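just need the structure, nothing else, for what follows:
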Amino acid sequence: MKAFKVALFVLILPLLNVASLYAKEVTILYTGNTHAMVYPCSCPFERDGGIARRASLVKEMRKKYPRLLLLDCGSFTAGGILDEYSQNIKLDMQRSEVNIRAMELMRYDAVGISGDEFNFGKDFFLKNARKSNPVFLSVNLESGKVEPYIVKQVSGVKIAIIGLTDPAASQRSEGLKIATPLLIDDLVRGLKKEGAEVVVVLSTLNRSENLDLISRVKDIDVLFATYNAGKEEEESKIGSTFLVHPSWQGRKLGKLSLEVNNGRLLSCKNEEIRLSDKIKDDRGITAILPRCYSDANCTKEGFIGSCQKPGELSSSCVFTEPNKLRLVVVSAKDCLVCNPEPVIEQLKRQFPGISTEYIDSERAQDLIEDLAIDALPAYIFSREVEKDPNFESFKANLELRGGLYLLKQQVSGLSYFVNRPVEKGKFDLFFSLFDKDAASLLSVVRGFSPELHFLAVEKGRDFEAKGGQPEIEEYLRCVCVQKYYPQRFWNYLICRARNINSSWWDDCLGGVDTQNIRNCAKGSEGRSLLKKNISLNKEVQVSLGLSYLLDNRQIFSSRGVPSKEELRKIIKE
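Sure, this is the predicted structure:
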């Protein structure tokens, strides 16, 4: 009998994966929100991006996946408020044309259209839309030069690609009509009936419009969205639709791996590949790319760069040695969370001639008192910094005290309070119960017994929080629960964090009489308790994010929930 069972299992097992065995794989490379970012970013770390690196990577990918699709979701034109490298109309137009030419050379299949594509008017847009490569797509933009969709056969899979333009773009389209995209429902169903196995939408609609679209149109398989998304939305799936966001400024190349069988999308794996300095520039792109458009494109460690003949193919960078500047950094030996290096790196980008001197707070007592420094690390320049050519553009970030320039705390951040009394073992946590990870956070920190402070602020006789009145009402209940049922307080918080949108808050108290909680939360008692709860927030300048205060002196934040081991190590040390 046992042998029979084993044999039966062996026969059935291959049938379980039959769909995957016969599935077809499709590769889609994608960009979006590049704003004609043709060079690597001028950021202090991971100076990724640039069209020459992108072209090299695309070529490598085509060797591995010869039948791949290459798409751009929109906002590939320079200019506008989101283009941080904008110069002037002439240079921005020129940079846009270079970017579009590079997209031609990379053989983009199709591009979406956003309002940014009209930054230089209708004629500029139509001139580029007339080209056959890439195809400009928009189902709701009325123009003879734009296609509503295209259908491509890729690796044996029939893929329909639709463009959707935000109707708000009509404010810049100079008479080109952009309709509300209501008829896409019929279009998607029609394409499916005609044999399209995968429907892809390049959308420049806003977040709420995209979510509404996904909820109404069930046959959209992949939707590329250009609005800026939070971390929680990356690689998300809503219903049967995969929602994908491109990397900002083209710093990474997106890669989707689709698995399709019998006209159905089985899986969608998303990957972002850094366009780092390890990728060589493509020669075909460098042949059409000016050396620089502004001084920001001329970077060389330890030197100041100046762009000559910006935007021309004969442009060049001239580098000169910077003024020598002394930067004094004051920190504390017992500060476990102080890390001045990222700030110093950013300052060196502004003032390449910086030489850094570190002074411990014990040796810098006179300086701390003279400059009224209340938090560390502190970053101090002498008045020699006034002679630097970059001073005028940066001086708003500096404060003159006692004849020296101190970097403002809102720029440098803070990690250590000089004048707060040390309270060994004290642990304060500042958080929002409405954050998506609040339940996980509370479960991790519970064993460390922190004092909890909700992220709310007092405004006259009222309170304000990011989540509005519902969040304030919840905090009023929480502080009342802490007073009347302290033994149930943590369980109540975790329960509410897991079901924060439920109005049945009293279920989290396990059937106890909640009338006193209601009376407390609605009256002056609750207001007084909440005011006390958040009083420390203002003292230590915490209003957003997830922050921790140790020993009443050291303050730090985290992205996401730390592990118990990470917290234990910091607290132990």
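
give me the neighbour count for Tyr475.
Neighbour count for Tyr475, taken as other Cβ atoms under 10 Å: 25. C-beta: built from backbone N, CA, C; applies to glycine.

got it, and Gln469?
Neighbour tally, Gln469, other Cβ under 10 Å: 11.

likewise for Glu357?
10.

is it in a helix, a strand, or coil?
Put simply, Glu357 is strand when judged by DSSP: H, G, I helix; E, B strand; the rest coil.

sort out which residues of stretch 312-325 are buried, please.
By 16 or more other Cβ atoms under 10 Å, the buried positions in stretch 312-325 come out as Ser315, Cys317, Pro322, Asn323, Leu325.

give me the domain ranges for this protein.
24-286, 295-321, 325-417, 427-572 (automatic domain parsing).

can I get those in a markdown table including mean pLDDT?
Shown next, in a markdown table, are those (pLDDT from 0 to 100):
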| stretch | mean pLDDT |
| --- | --- |
| domain 24-286 | 91 |
| domain 295-321 | 89 |
| domain 325-417 | 91 |
| domain 427-572 | 92 |
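
need the winner for burial among the ones you listed.
domain 24-286 (a mean of 19; mean count of other Cβ atoms under 10 Å).

so what's Val328 closest to, chain neighbours aside?
Ile380 (4.3 Å; Cβ to Cβ, 6 or more residues apart in numbering).

farthest-separated two in the buried residues of stretch 312-325?
Ser315 and Leu325 (28.7 Å; Cβ to Cβ).

list of residues touching stretch 560-573?
With Cβ atoms under 8 Å, 6 or more residues apart in numbering as the test, stretch 560-573 has contacts from 336-337, 427, 437, 440-441, 444-445, 447-448, 546, 550, 556.

TSV for the residues you listed, including distance to Ser412 and secondary structure?
Output for these, formatted as TSV (distance: Cβ to Cβ, whole Å; DSSP: H, G, I helix; E, B strand; the rest coil):
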residue	distance to Ser412	secondary structure
Leu336	18	coil
Val337	14	coil
Phe427	24	strand
Asp437	27	coil
Ser440	30	helix
Leu441	26	helix
Val444	29	helix
Val445	27	helix
Gly447	33	helix
Phe448	28	helix
Leu546	20	coil
Leu550	20	strand
Phe556	14	strand
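
give me phi/psi at Lys309?
The phi/psi pair for Lys309 (degrees, to the nearest 10) reads phi 50, psi 60.

so how far is Ile100 from it?
Separation of Lys309 from Ile100 (Cβ to Cβ, to the nearest Å): 22 Å.

name the nearest residue to Ile344, ignoring sequence neighbours.
Thr356 (5.9 Å).

list the contacts for Arg274?
Glu46, Asp48, Arg251, Lys252.

name the residues linked to it by a beta bridge.
Lys252 (DSSP bridges).

any idea how far Asn262 is from it?
For Arg274 relative to Asn262 (Cβ to Cβ), the value is 36 Å.

with Lys387 instead?
72 Å.

equivalent analysis for Gln487, please.
57 Å.

same check on Leu429?
For Leu429, the distance to Asn262 - Cβ to Cβ - is 51 Å.

now swap in Lys408 and tell me
Taken as Cβ to Cβ, the span from Lys408 to Asn262 is 61 Å.

in strands, which of the buried residues of stretch 312-325 appear?
Counting by DSSP state E, the buried residues of stretch 312-325 place Cys317, Leu325 in strands.

can you check the pLDDT for Val6?
pLDDT, Val6: 35.

now do the one helix or strand Phe430 maps to: everything it contacts.
Using DSSP states H and E, Phe430 maps to strand 427-431. Residues external to strand 427-431 that are found in contact with it (Cβ under 8 Å, 6+ apart): 438, 441, 445, 448-455, 536-537, 540, 542, 545-550, 552, 571.

export only the CA atoms of that strand, formatted as PDB.
Once non-C-alpha atoms are left out, strand 427-431 reads as follows in PDB (Å, rounded to 0.1, in the frame of the first residue of the first chain):
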ATOM      1  CA  PHE A 427      13.900  54.800  26.400                       C
ATOM      2  CA  ASP A 428      11.400  57.000  24.600                       C
ATOM      3  CA  LEU A 429       9.700  56.100  21.300                       C
ATOM      4  CA  PHE A 430       7.900  58.600  19.000                       C
ATOM      5  CA  PHE A 431       5.600  57.000  16.500                       C
END
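
partner strands of that strand and their direction?
In the sheet, strand 427-431 lines up against strand 451-454 (parallel), strand 547-550 (antiparallel) (DSSP bridges).

now tabulate those strands in a markdown table and tack on distance to Leu29.
Listed next are the strands paired with strand 427-431 as a markdown table, based on distance: least, Cβ to Cβ, whole Å:
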| stretch | distance to Leu29 |
| --- | --- |
| strand 451-454 | 44 |
| strand 547-550 | 39 |
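
which among those strands is found nearest to Gln350?
strand 547-550 (27.0 Å).

off-centre distance for that closest one?
Put simply, strand 547-550 sits 24 Å off its chain's centre (Cα atoms, centre = their mean, to the nearest Å).

and the contacts of it?
Strand 547-550 has contacts (Cβ under 8 Å, 6+ apart) with 336-337, 426-431, 450, 536, 540, 555-558, 570-571.

do stretch 254-264 as well
So stretch 254-264 is in contact with 19-20, 22-31, 61, 157, 195, 197-198, 222, 244, 246-247, 265-273, going by Cβ under 8 Å, 6+ apart.

next one: it to chain centre, how far?
26 Å.

Lys145 touches Arg130, doesn't it?
Yes - using Cβ atoms under 8 Å, Lys145 is in contact with Arg130, at 5.3 Å.

partner residues bridging Ile238?
Going by DSSP bridges, Ile238 forms beta bridges with Thr241.

need the contact list for it.
Per Cβ under 8 Å, 6+ apart, neighbours of Ile238: Leu211, Ile214, Ser215.

who does the closest residue to Cys298 other than its chain neighbours bridge with?
What sits nearest to Cys298 in space, not counting adjacent residues and going by Cβ to Cβ, 6+ apart, is Gly305, at 2.7 Å. Per DSSP bridges, the residues bridged to Gly305 are Phe319.

separation between Gly305 and Leu69?
Noted for Gly305: a distance of 38 Å to Leu69, by Cβ to Cβ.
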